[in-house]
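Trainee: Sequence and predicted structure, then a few things I'm wondering about:
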Amino acid sequence: MSLIIFIAMVAGAALIGTQFGPGPWYLALNKPSWTPPNWLFGPVWTVLYLAIAVAGWSVWRAKALSVTKPMMLWLLQLVLNGLWSWLFFGLQRPDLAFIDIAALLIAIGCFIVSANKVSALAAWLFVPYALWVGFASALNLAIWQMN
């Protein structure tokens, strides 16, 4: 399977997320002082999405018998990633979005552990993603608690 297919799958999840972006509801929310500026999210997610695609492709290319678990985790994190924007912005439910992002963070951690057995590159590519999602989880929780 080509890297382009993995990029397309990640782009599909990103496209779903962009359908439910911040709007007047989000702008009116109380947010912690450490909330990043809105312009930062686009560049960060662009880099992370590319890393996610390369990580999935790297595991797939290993063609080892042990790729099933990391690939299932890769797909799970992609679904949870795409679901978050719909829950947070679309449904305006930071509570449900927090449950989703907590599950996403767990899936990312499990992917790192399982992928490391077949591709150290894939595991390391997910480390910045885990850090960002950890930060985003704290931000999601703070917004939920403040509103």
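Mentor: The structure has been received and is ready for your questions.

Trainee: Report all helices and strands that the longest helix seen in the chain contacts.
Mentor: With secondary structure taken from DSSP state H, the chain has its longest helix at helix 120-146. Counting contacts by 3 or more C-beta pairs under 8 Å, 6 or more residues apart in numbering; DSSP states H and E, helix 120-146 is packed against helix 38-62, helix 94-115. (C-beta placed from N, C-alpha, C; glycine too.)

Trainee: and those as JSON lines, adding distance to residue 24 and mean neighbour count?
Mentor: Conversion of those to JSON lines gives the following (distance: least, C-beta to C-beta, whole Å; neighbours: other C-beta atoms under 10 Å):
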{"stretch": "helix 38-62", "distance to residue 24": "13", "mean neighbour count": "18"}
{"stretch": "helix 94-115", "distance to residue 24": "16", "mean neighbour count": "20"}
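
Trainee: Any stretches of the chain with poor pLDDT?
Mentor: Judged by pLDDT under 70, the chain has its weakly predicted residues at 64-65.

Trainee: Give me the buried positions along the helix or strand containing residue 6.
Mentor: Per DSSP states H and E, residue 6 falls inside helix 3-18. Residues of helix 3-18 classed as buried: 6-7, 9-10, 13-14, 16-17 (neighbour count, 16 or more other C-beta atoms under 10 Å).

Trainee: Give me the number of neighbouring residues for the nearest residue to residue 61 once chain neighbours are set aside.
Mentor: Sequence neighbours aside, residue 119 is the residue nearest to residue 61 in space, at 7.7 Å (criterion: C-beta to C-beta, 6 or more residues apart in numbering). Neighbour count for residue 119, taken as other C-beta atoms under 10 Å: 22.

Trainee: ok, back up a step: quick one: which of the helices and strands packed on helix 120-146 is nearest residue 144?
Mentor: In terms of C-beta to C-beta, the element of those nearest to residue 144 is helix 94-115, at 3.8 Å.
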